[in-house]
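Enquirer: fold the following and give me the result.
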Amino acid sequence: MTVEPGFGGQKFMSEMLEKVKAIRSEFKECDIQVDGGVGIGNIDQCWAAGANNIVSGSGIIKAADWSEAIQTMKSKCT
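Expert: Residues are numbered from 1 along each chain as shown. As a prediction, this is how the structure comes out:
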């Protein structure tokens, strides 16, 4: 979790990415999911840290164009 569990729309806690990096360095083949506060502005940081399964709720729902938001996020995960 990259937010405090409980409700949607919370601010992304970037300090959690250090845990993602640590897990990725230990478990190269493991799926690592990040959930909480992820959107267009930080999805690339999650990907770079080693997450390969990313959940974005408010980052999509609050976007003017959901499809465009999803496509933009996908393009940042390469």
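
Enquirer: now residue 31: how far from residue 23?
Expert: As judged by Cβ to Cβ, to the nearest Å, residue 31 and residue 23 stand 10 Å apart. C-betas here are computed from N, CA, C, even on glycine.

Enquirer: neighbour count winner among those two?
Expert: More neighbours surround residue 23 than the other of residue 31 and residue 23, with 14 against 8 (other Cβ atoms under 10 Å).

Enquirer: where do the helices of this structure begin and end?
Expert: Along the chain, counting by DSSP state H, helices occupy 17-26, 43-49, 58-61, 66-75.

Enquirer: pLDDT below threshold where in this protein?
Expert: Applying pLDDT under 70 to the chain flags residues 1.

Enquirer: what's the end-to-end length of stretch 35-44?
Expert: In stretch 35-44, first residue to last residue: 14 Å (Cα to Cα, to the nearest Å).

Enquirer: using PDB, list the CA coordinates for stretch 47-56.
Expert: Presented in PDB, the C-alpha positions along stretch 47-56 are these (Å, rounded to 0.1, in the frame of the first residue of the first chain):
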ATOM      1  CA  TRP A  47       7.300   1.100 -12.300                       C
ATOM      2  CA  ALA A  48      10.900   2.200 -11.900                       C
ATOM      3  CA  ALA A  49      10.900   1.000  -8.300                       C
ATOM      4  CA  GLY A  50      10.000  -2.500  -9.500                       C
ATOM      5  CA  ALA A  51       6.200  -2.700  -9.300                       C
ATOM      6  CA  ASN A  52       4.800  -4.600 -12.200                       C
ATOM      7  CA  ASN A  53       1.100  -4.700 -11.100                       C
ATOM      8  CA  ILE A  54      -0.300  -1.300 -10.500                       C
ATOM      9  CA  VAL A  55      -3.800  -0.300  -9.200                       C
ATOM     10  CA  SER A  56      -5.200   3.200  -9.800                       C
END
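
Enquirer: list the contacts of it.
Expert: 17-18, 20-21, 23-25, 31-36, 38-39, 43, 46, 69, 73, 76-78 (Cβ atoms under 8 Å, 6 or more residues apart in numbering).
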